[in-house]
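Colleague: sequence isn't available, so here's the structure alone:
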C-alpha cells in the first residue's frame, strides 16, 4: 500500500532530518517536499514541488494523495524582519499547509511549535506559536500532533548567532539540568525528527501535544539490537 508524506520546511534544520528519516521508512513510498527552494539530495522516493506561498493553489497538486503532513516551518524575528513577516511564516503558512492537507484527504499533521506556546502570552513569539496551535486545531484534521521543543541544536543552513551562543551555554549546562530544569534542556534536531516520524507511524487520532522532555524520550536513538518498538531484535518470544 502506498503511503505519501508531504514535508513543508524541509530546507530547515529539523525539516531536513525529517525528510531523511522518512526516506528510510518502508511504510512510505513517496516523500514530497514542498517549498521555495529545492533540496540538494536525490532518492527514488523523493519528489519536490517548488511553490510561491503567495499563490497557494499552485501547491494543491503536490498534496494529492497525501496521508501525513509534516510542517517544520519556523523563522526568527531577525530573519523575518518584522512581526508581520514572522506571523506569516510561523502562523499563516502552517495553517495554509494544514488546509491543503485536509482538502487532499490527509489523515494527520505533525507540526513543530515551541516550548511556551500560549495564545494569551505577553511574549510575541510565544503568543504567535500559541495562536498557530489554536488555528491548526480548529481546522479539524483527524489527527494533529504538536511538538514543543526547547532550544534546537544542530548546524543550520544559515547562521543564527544568538541561537549559536545559547546552544554553547545550554550544552555546558546540560549535565546539571535535572529535576524541573530537565524539561528545558536543549534538544538535537535529529531527535525531534525521529520523534515526529515515530509518532506518525503510531497512527494515533485526535490532538496531542508533546513537551520537550517527552520528545527526547520518543526520539531517543535505539540501542544496538533494538527495533522501533523497543524490543530486542532476535529475542525468543
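Modeller: It's in. Being a predicted model, the structure only gives us computed values, none of them experimental.

Colleague: for this protein, longest helix please?
Modeller: Ranked by residue count and defined by DSSP state H, the top helix of the chain is helix 124-139.

Colleague: so how far is that one from its chain's centroid?
Modeller: 15 Å (CA atoms, centre = their mean, to the nearest Å).

Colleague: any idea which element residue 10 lies in?
Modeller: Counting by DSSP states H and E, no helix or strand carries residue 10.

Colleague: just the helices in this structure please.
Modeller: 13-23, 77-80, 83-87, 93-103, 124-139, 161-173, 189-202, 212-218.

Colleague: helices and strands around the second one, which ones?
Modeller: Going back to what we said before, that points to helix 77-80. Using 3 or more CB pairs under 8 Å, 6 or more residues apart in numbering; DSSP states H and E as the contact test, the elements touching helix 77-80 are helix 83-87. In this view, the C-beta of every residue, glycine as well, is placed from N, C-alpha and C.

Colleague: contact partners for the residue lying closest to residue 143 once chain neighbours are set aside?
Modeller: Closest residue in space to residue 143, ignoring its immediate chain neighbours: residue 108 at 3.6 Å, by CB to CB, 6 or more residues apart in numbering. By CB atoms under 8 Å, 6 or more residues apart in numbering, the contact list for residue 108 reads 67-69, 141-145, 200, 203, 205.

Colleague: surely residue 140 touches residue 103?
Modeller: No: at 11.7 Å, residue 140 does not count as touching residue 103 under the criterion of CB atoms under 8 Å.

Colleague: how close does the residue lying closest to residue 11 once chain neighbours are set aside get to residue 207?
Modeller: In this structure, residue 11 finds its nearest non-sequential neighbour in residue 37, 5.2 Å apart by CB to CB, 6+ apart. According to CB to CB, to the nearest Å, residue 37 and residue 207 sit 31 Å apart.

Colleague: now swap in residue 134 and tell me
Modeller: Counting by CB to CB, the gap from residue 134 to residue 207 is 11 Å.
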